[in-house]
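1. generate a structure from the sequence data that follows.
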Amino acid sequence: NRDEIHPEHRLNIRQVVFNWLMSNGQTSVLPTYIENNIATVLIRCIKLDFPNEWPNAFRDILALSKVHIVGFTIALRVLIELDVEIVMFDDRRSSNEIVHNTLIKNTMREQNILKEIVEFLCQSGTNIMQSGGDSKLVKSCLHALSTMIGWVDVNLIVCKETISWIYMCLRSPPLAAHACDCLYELVKKGMDPVSKVSMIHSIELLPVITQIPWNSSSNGNSSSNGSTNLVHEPEDTDTDTEDDDTYEEKLALLIDLMFQEVLSCWYLYEEHVLHLVPAAPPKTSSPASSRSLSGGGRGGGGIAGSSSTASSGEHDADINTLISCNLGPIAGSMLHQCVPILLTLLTNPDEAVYGTVIPSLSKLVSAYKQQQSYETQLVEFSAANPNTQCFIASSYVVRKVDMLMCIYKAMQYDVDFSFDLNDEDDVDVIETKKQVRKLFVNFCRASPDMCLQLVTSILVQQPQPLSEAPFAPLEATCRLLFAFGEGVSPALH
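-> Below you'll find the predicted structure:
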């Protein structure tokens, strides 16, 4: 509460803190809890006194970072705490607090303070990397930046200096997970699908990801397309084990989000294509043969170019922008780059990794099922426009028996899995397996013949007698059989 402490007393508090840091910080190694407490005091002072009583608050904090390493680490902690104390939504905040927090953010934007902070984080991180300094400090810079991306001007992040530093960190195994956090927040930023695709294309995000050197030997899985292997080569012995464990999960989060965002844009362009190419007379009167342009949300069933709340004028404007900026073919090309990465991540043995890409793979199967009624039109358009890369989901689905095998393997539990419903980890694994089963059910509905071949092949390969078969593959085979029965139409039974 601003009224609980007199402004003069607050001024005295921060002066004492700054004076003590200036005189003692350089020769002291402070325990972490003291650094945290000092940062908390400073962020509370900023929250109460910026911009009126302490207009130079953030510039004073950045100046403190240049004095010594303790000042630098405290400045980073203040910037990270900024997200919790000022930016993040909290329904316990009073209306006055919300208004003042908004004033703080607007003032930071108007006075170019955000630009200075972003430049400070990038330059500091670069200097530490070039001097061979502590990678934990670079991770703190990345963490602070990731908390800001959602509410700062996107141009501060996609500018050459900032994005180049993030990519530099992405190529470094100890820093890759934290760089993925920044890229995830960037792709998640609120903007229309067309602008999102334009932004992702402008920073060349997918080419950067696919060009990073990978090594598949650590998990024993080959890539789904024979070229993209999503495991960092062990270049640095200082890599934290925790980062090793989380990097692929964070990469999966990034690719999953990016695929769904780009797919929304592609559906807009697909609608334009279908208006250009006349539809052939329907072969059946089934609902699947209808060329309905009504969609089910972002990347869902139907050609979902915009959300249900968007006006037709905005919808048409998005399509016009797609055409004028040639973003439709770009979206198609980006989807073609995403799918092999998704399929490779599906082969990862970690449930947290392959479970993360299930939503995008479900969208892929849904796109295949949806396009069955107008795939001929897409093929004709692609043939007439060889420089335009149409995204035709069947090119990945109907020939991807290995994708079905990955689903089957993902359905298997470890031999020592305890099925303990009181264990949160076990419950998470069970839930992930359920999502994998739902993916297979959707696959059955889209391509029952291919799924039948898989089920038959797996059943034949089970050792006889079944009583001596290993539990994990046999149990997964039984669930696969039941899921197939659930997925196929009654007419196929």
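
2. now S172: which helix or strand?
-> For S172, there is no host helix or strand (DSSP states H and E).

3. wait, isn't it in contact with M129?
-> Yes - contact criterion C-beta atoms under 8 Å: S172 and M129 qualify, at 7.4 Å. Heads up, the C-betas are built off the backbone N, CA and C, glycines and all.

4. hey, what's in contact with both of these two?
-> S135 (C-beta atoms under 8 Å, 6 or more residues apart in numbering).

5. residue ranges in the stretch 1-150 of the chain under the pLDDT threshold?
-> Low-confidence segments of the stretch 1-150 of the chain (pLDDT under 70): 1-4, 25-28.

6. try 80 this time
-> Low-confidence segments of the stretch 1-150 of the chain (pLDDT under 80): 1-7, 23-30.

7. what of the stretch 251-400 of the chain?
-> Residue ranges of the stretch 251-400 of the chain with pLDDT under 80: 278-325, 387-389, 396-400.

8. let's see it at 70
-> In the stretch 251-400 of the chain, residues with pLDDT under 70: 279-313, 398-400.

9. the helix or strand where H143 lies packs against which elements?
-> Taking DSSP H and E as the definition, H143 sits inside helix 135-149. Contact analysis of helix 135-149 by 3 or more C-beta pairs under 8 Å, 6 or more residues apart in numbering; DSSP states H and E lists helix 69-82, helix 113-131, helix 160-170, helix 176-188 as its packing neighbours.

10. 7 Å - rerun?
-> Helix 135-149 sits against helix 69-82, helix 113-131, helix 176-188, with contacts defined as 3 or more C-beta pairs under 7 Å, 6 or more residues apart in numbering; DSSP states H and E.

11. show me what the following helix or strand past the shortest one is in contact with.
-> What it means is helix 176-188. Once helix 176-188 ends, the next helix or strand along the chain (criterion: DSSP H and E) is helix 193-202. The contact list for helix 193-202, computed with C-beta atoms under 7 Å, 6 or more residues apart in numbering, reads 154, 158, 187, 258, 261-262, 264-265, 268, 318, 321-322, 325, 327, 330-331, 334.

12. can you name the element that comes right after helix 193-202?
-> Moving toward the C-terminus from helix 193-202, the next helix or strand (DSSP H and E) is helix 205-211.

13. got the buried residues for that following helix?
-> L205, L206, I209 (16 or more other C-beta atoms under 10 Å).

14. reformat the residues you listed as JSON lines; add pLDDT and distance to F50.
-> Output for the buried residues of helix 205-211, formatted as JSON lines (pLDDT from 0 to 100; distance: C-beta to C-beta, whole Å):
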{"residue": "L205", "pLDDT": "95", "distance to F50": "34"}
{"residue": "L206", "pLDDT": "94", "distance to F50": "39"}
{"residue": "I209", "pLDDT": "92", "distance to F50": "38"}
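
15. for H100, state which of those residues is nearest.
-> L205 (36.1 Å; C-beta to C-beta).

16. what distance separates the longest helix along the chain from the centre of its chain?
-> For the chain, the helix that runs over the most residues, judged by DSSP state H, is helix 241-276. Offset of helix 241-276 from its chain centre (C-alpha atoms, centre = their mean, to the nearest Å): 8 Å.

17. re earlier: the helices and strands packed on helix 135-149: which one's closest to A410?
-> For A410, the closest of those is helix 176-188, at 22.0 Å, according to C-beta to C-beta.

18. and that closest one, what does it pack against?
-> helix 135-149, helix 160-170, helix 241-276.

19. now the ones you listed as JSON lines including mean neighbour count and distance to N387?
-> Below are the helices and strands packed on helix 176-188 laid out as JSON lines (neighbours: other C-beta atoms under 10 Å; distance: least, C-beta to C-beta, whole Å):
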{"stretch": "helix 135-149", "mean neighbour count": "22", "distance to N387": "34"}
{"stretch": "helix 160-170", "mean neighbour count": "19", "distance to N387": "28"}
{"stretch": "helix 241-276", "mean neighbour count": "21", "distance to N387": "14"}
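
20. D428: which of the ones you listed is closest?
-> helix 241-276 (12.3 Å).

21. now the helices for the stretch 251-400 of the chain?
-> Here the stretch 251-400 of the chain has its helices, by DSSP state H, counting those that start in this stretch, at 312-324, 327-346, 351-354, 358-371, 375-384, 394-397.

22. helix 241-276 and the fourth one, what's the angle between them?
-> Compare the direction of helix 358-371 with that of helix 241-276 by axes from the mean of the first three to the mean of the last three C-alpha atoms, to 10 degrees and you get 20 degrees.

23. check which helices and strands helix 358-371 is in contact with.
-> Contacts defined by 3+ C-beta pairs under 7 Å, 6+ apart place helix 358-371 against helix 241-276, helix 327-346, helix 394-397, helix 424-446.

24. quick one: terminal-to-terminal distance for stretch 417-427?
-> 11 Å (C-alpha to C-alpha, to the nearest Å).

25. present the helices and strands packed on helix 135-149 as TSV; the columns should include mean neighbour count and distance to E468.
-> Shown next, in TSV, are these (neighbours: other C-beta under 10 Å; distance: least, C-beta to C-beta, whole Å):
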stretch	mean neighbour count	distance to E468
helix 69-82	22	56
helix 113-131	18	56
helix 176-188	23	43
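
26. for I407, find the nearest of those.
-> Using C-beta to C-beta, the nearest of those to I407 is helix 176-188, at 24.9 Å.

27. could you pull up the mean pLDDT of that closest one?
-> Per-residue pLDDT over helix 176-188 has a mean of 96.

28. list the contacts of it.
-> Looking at what lies outside helix 176-188 - C-beta under 7 Å, 6+ apart - the contacts are 139, 142-143, 145-146, 149-150, 157, 166, 169-170, 200, 205, 232, 243, 246-247, 250-251, 253-254, 257-258, 261.

29. I'd like the distance from it to the chain centre, please.
-> Taking the mean of its C-alpha atoms, helix 176-188 sits 7 Å from the chain's own mean (C-alpha atoms, centre = their mean).

30. pull the CA atoms of it into PDB?
-> The C-alpha trace of helix 176-188 is given here as PDB (Å, rounded to 0.1, in the frame of the first residue of the first chain):
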ATOM      1  CA  ALA A 176      19.100 -23.800 -26.000                       C
ATOM      2  CA  ALA A 177      16.200 -24.500 -23.600                       C
ATOM      3  CA  HIS A 178      16.100 -20.900 -22.400                       C
ATOM      4  CA  ALA A 179      16.400 -19.600 -26.000                       C
ATOM      5  CA  CYS A 180      13.400 -21.800 -26.800                       C
ATOM      6  CA  ASP A 181      11.400 -20.100 -24.100                       C
ATOM      7  CA  CYS A 182      12.100 -16.700 -25.800                       C
ATOM      8  CA  LEU A 183      11.000 -18.100 -29.200                       C
ATOM      9  CA  TYR A 184       7.900 -19.700 -27.800                       C
ATOM     10  CA  GLU A 185       6.800 -16.400 -26.200                       C
ATOM     11  CA  LEU A 186       7.500 -14.700 -29.500                       C
ATOM     12  CA  VAL A 187       5.400 -17.100 -31.500                       C
ATOM     13  CA  LYS A 188       2.700 -16.900 -28.800                       C
END
